[in-house]
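> Fold the following.
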Amino acid sequence: MKTKIYFASDQHLGAPTHEASFPREQLFVSWLDTIKHDAEAIFLLGDLFDFWFEYQTVVPKGFVRVLGKLAEIRDSGIPIYFFVGNHDLWMNDYFEKELNIPVYRDNKEFTFYNKTFLIGHGDGKGPGDLGYKRMKKVFVHPFSKWLYRWLHPDIGVKLAQYLSVKNKLISGEADVKYLGEDKEWLVHYCKRKLQTKHYDYFVFGHRHLPMSLAVGTNATYINLGDWVSYFTYGVFDGEKFDLETFKK
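Presented below is the predicted three-dimensional model:
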C-alpha cells in the first residue's frame, strides 16, 4: 500500500561538472527506485539541476538517467510535483509536456492526512537577501528570458554554468551553516505566515542544511538539506515527518 509522501531538494546535477556530478545522479536514481514501491507522491523542491534553461526546441544536454526514472515513476501513476529553484528557475513546460509533471514557481499549499503543508524551494523568502531578490526579478522577467534565448545554447549554457558556480549573488546561497533561529530567514517567514493561517509543516530546500525546527504550536519548519553533502530527504507517513539520509 502506497502511504508515504517523499520530499527531496537541491541535487545540483551538473555541478561542478557533469562528470563530477554523475555519481550523485546515480545515487539519486537509486533513491527514486527505492521509494517508488511505497510512494503516494513525490515532491522535488528545486535545484534538481545546477543550471536549466529551455530554449524553444532545446533543453540542456545530459541527465538522461534521472529524467528517464522520473518518466517511469510518473507513468506508473505516482504523482510527482516539481518546484523550480533559483538554479532551474528558467524551466518552462518541458516537464509538464514530456513527463506530465506539474511545475510550480512559488509556494503551494497541500493537505495530506488532515495535515496542512506549505511547500516551496525557499529562495527569496523572509527578510533580507535584498540583492538576490532584485536579481531574481531581473532573471524571471519575460524580456530577460527572451534576450537570453538569442545566445547560442553552447554559449548560453556554459556562461550560466560558470556564473552559477562563481557568483553567490546569482545563486542566492548563504553560508551552509546554522545561523541561529533569530537569523534563519525562513524561520521568520514561517512565523509570519502563521499569523494569518495555521500550517502543520513548512517544507523548503535552498539552504542546503537539513533541519527541523518548531516555529509555533504544532507547526514545524523543515529544510530538506541537499544531495551534495548530506543526501537527505523528507518522508511523511501520515502521522509524522522524518528527515532521513539515503545510503545505498
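> what sits against the nearest residue to W227 once chain neighbours are set aside?
Spatial nearest neighbour of W227, chain neighbours left out: Q11 (4.3 Å); criterion: Cβ to Cβ, 6 or more residues apart in numbering. Glycine gets a C-beta too; all of them are placed from N, C-alpha and C. Listed by Cβ atoms under 8 Å, 6 or more residues apart in numbering, the contact set of Q11 reads 24-25, 28, 47-49, 66, 226-228.
> mind listing what's buried in stretch 186-205?
186-191, 193-194, 199-205 (16 or more other Cβ atoms under 10 Å).
> Report the mean per-residue pLDDT for it.
If you average the pLDDT over stretch 186-205, you get 96.
> Repeat that for stretch 106-113.
96.
> per-residue confidence at the residue most central in space within the chain?
The centroid of the chain falls nearest to G46 when counting by Cα atoms, centre = their mean (1.9 Å). Looking at G46, its pLDDT reads 92.
> isn't it right up against A8?
No: counting by Cβ atoms under 8 Å, G46 does not reach A8; the two are 10.0 Å apart.
> Who are the packing partners of the longest helix along the chain?
Assignment by DSSP state H gives helix 18-35 as the longest helix of the chain. Counting contacts by 3 or more Cβ pairs under 8 Å, 6 or more residues apart in numbering; DSSP states H and E, helix 18-35 packs against strand 4-8, helix 64-75.
> which one of the ones you listed is the most hemmed in?
Among these, the stretch with the highest mean neighbour count (mean count of other Cβ atoms under 10 Å) is strand 4-8, at a mean of 23.
> partners of that one, with directions?
Strand pairing for strand 4-8, determined by DSSP bridges: strand 39-44 (parallel), strand 232-236 (antiparallel).
> With mean neighbour count and distance to D88 added, can I get those in a markdown table?
What follows is the strands paired with strand 4-8, written out as a markdown table (neighbours: other Cβ atoms under 10 Å; distance: least, Cβ to Cβ, whole Å):
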| stretch | mean neighbour count | distance to D88 |
| --- | --- | --- |
| strand 39-44 | 22 | 10 |
| strand 232-236 | 22 | 18 |
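> need the ones you listed in a markdown table with distance to G62, can you?
Converted to a markdown table, those look like this (distance: least, Cβ to Cβ, whole Å):
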| stretch | distance to G62 |
| --- | --- |
| strand 39-44 | 17 |
| strand 232-236 | 22 |
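> residues contacting N100?
N100 neighbours (Cβ under 8 Å, 6+ apart): 74-75.
> can you pull out the helices in this structure?
So, for the chain - with DSSP H - the helices run 18-35, 64-75, 94, 130-140, 142-148, 153-166, 168-171, 185-194.
> Comparing those helices by mean pLDDT, which bottoms out?
Looking across the helices of the chain, the weakest by mean pLDDT turns out to be helix 168-171, at a mean of 46.
> List the contacts of D47.
9-12, 85-88, 121, 205-206.
> what do you get if the cut-off is 6 Å, keeping everything else the same?
By Cβ atoms under 6 Å, 6 or more residues apart in numbering, the residues touching D47 are 10, 12, 85, 87.
> Just give me the least confident of those residues.
Comparing the contacts of D47 by pLDDT, H87 comes last, at 83.
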